[in-house]
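*Asks:* Prediction below, plus the sequence it came from.
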Amino acid sequence: MKLFVGLGNPGRDYAGHRHNIGFMALDAIAADHGLGPWKQKFQGEAAEGRLGSEKVLLLKPGTYMNRSGQAVGDALRFYKLEPADVIVFHDELDLAPGKLKVKDGGGHAGHNGLRSIHGHIGEAYRRVRLGIGHPGHKDLVSHYVLHDFAKADQDWLDDMMRGIADGAPALAEGDKAAFMNKVALRLNPPRSGGGSEGTNAKPAPEPAKTERPEPEQAVEDDRSPLQKLVDRFR
């Protein structure tokens with residue numbers, strides 16, 4: 001069994017915030033694969049089902065971001081899972097908007113949700129880092145993450161969520177490469193018709209050569225001047 005955790009803050013007022021992109025990812029997975037219904041469980045909202053061959057629990061902690069680890073710890077202990085069975089979806093300031101990376105283990109880089117999870121289950125879990133960009137100065141971070149995505153972000157955000165839903169079964173089964181490929185196909189779809197001609201394209205046929213007619217050869221006129229004058233007025 002795998003435990004998918006989305007990080008965010010509960011309540012309608014926070015629903016569209018950049019900090020809640022982890023909740024958005026789990027909502028997309030649940031909707032696309034028919035998981036659920038969502039139930040109040042483990043100090044949050046949980047939905048169960050299968051992704052591919054793997055049974056999964058989706059969990060959105062209701063403890064607010066700074067105490068996310070409480071809910072994750074409760075679920076982990078209930079199902080007797082290991083930290084390696086946990087996959088956390090969270091916002092990432094150090095990635096450009098629309099970029100996504102998967103990381104196994106490591107530090108929390110100052111993210112309060114990850115810091116809390118570290119304190120409850122350690123660091124040996126997988127993270128899906130969802131890029132939201134950085135406001136440019138650390139003093140602006142709190143305001144930035146606790147506000148809604150801009151309208152200009154909606155296209156890439158929708159594509160990212162669809163890609164995450166597409167690749168969720170591969171992620172549950174441990175195939176990180178296949179998951180990343182599914183996301184990439186949504187964020188950077190191949191051009192229709194293959195784009196510009198590749199190296200295997202057949203060269204265009206050369207235009208047919210047009211035979212230019214040879215100029216007519218001049219015929220030598222051996223008439224006398226008087227004869228020419230006579231012929232002219234006939």
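*Replies:* Ah, there it is. Numbering: from 1, shown residues only.
*Asks:* what's the spacing between stretch 80-99 and its chain's center?
*Replies:* Its chain's average C-alpha position is 14 Å from that of stretch 80-99, according to CA atoms, centre = their mean, to the nearest Å.
*Asks:* Tell me the buried residues in it?
*Replies:* 81, 83, 85-93, 95, 97-99 (16 or more other CB atoms under 10 Å). Where you see a C-beta, it was placed from the backbone N, CA and C, and this is true even at glycine.
*Asks:* next one: stretch 98-108
*Replies:* By neighbour count with 16+ other CB under 10 Å, stretch 98-108 contains the buried residues 98, 99, 100, 108.
*Asks:* mind checking the end-to-end distance for it?
*Replies:* In stretch 98-108, first residue to last residue: 21 Å (CA to CA, to the nearest Å).
*Asks:* Go through the buried residues of stretch 98-108 and name the one nearest residue 183.
*Replies:* residue 100 (5.5 Å; CB to CB).
*Asks:* still on that earlier bit, mind picking the two most distant members of the buried residues of stretch 80-99?
*Replies:* Greatest spatial distance among the buried residues of stretch 80-99 (CB to CB): 81 and 97, at 32.1 Å.
*Asks:* can you give me the helices in this protein?
*Replies:* In the chain, the helices defined using DSSP state H lie at 21-33, 68-78, 112-121, 141-145, 154-172, 176-187, 225-232.
*Asks:* Now do the contacts for the nearest residue to residue 109 once chain neighbours are set aside.
*Replies:* Using CB to CB, 6 or more residues apart in numbering and skipping residues adjacent in sequence, the residue nearest residue 109 is residue 94, 7.1 Å away. Residue 94 makes contacts with 109, 131, 134, as judged by CB atoms under 8 Å, 6 or more residues apart in numbering.
*Asks:* pretty sure residue 100 contacts residue 180?
*Replies:* Yes. Counting by CB atoms under 8 Å, residue 100 touches residue 180, with 7.5 Å between them.
*Asks:* Low-confidence bits of this structure, can you list those?
*Replies:* Within the chain, the segments meeting pLDDT under 70 span 192-234.
*Asks:* Narrow the buried residues of stretch 98-108 to those in strands?
*Replies:* Of these, the ones assigned to strands by DSSP state E are residue 100.
*Asks:* Going by neighbour count, list what's buried in stretch 166-186.
*Replies:* For stretch 166-186, using 16+ other CB under 10 Å, the buried residues are 166-172, 176, 179-180, 182-183, 186.
*Asks:* correction: stretch 152-165
*Replies:* By 16+ other CB under 10 Å, the buried positions in stretch 152-165 come out as 153, 156, 157, 159, 160, 161, 162, 163, 164, 165.
*Asks:* Tabulate these (JSON lines), appending distance to residue 30.
*Replies:* Compiled in JSON lines, the buried residues of stretch 152-165 are given as follows (distance: CB to CB, whole Å):
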{"residue": "153", "distance to residue 30": "22"}
{"residue": "156", "distance to residue 30": "21"}
{"residue": "157", "distance to residue 30": "17"}
{"residue": "159", "distance to residue 30": "18"}
{"residue": "160", "distance to residue 30": "16"}
{"residue": "161", "distance to residue 30": "11"}
{"residue": "162", "distance to residue 30": "14"}
{"residue": "163", "distance to residue 30": "16"}
{"residue": "164", "distance to residue 30": "11"}
{"residue": "165", "distance to residue 30": "9"}
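*Asks:* Which single one of those residues is nearest to residue 38?
*Replies:* Using CB to CB, those come closest to residue 38 at residue 165, 15.9 Å.
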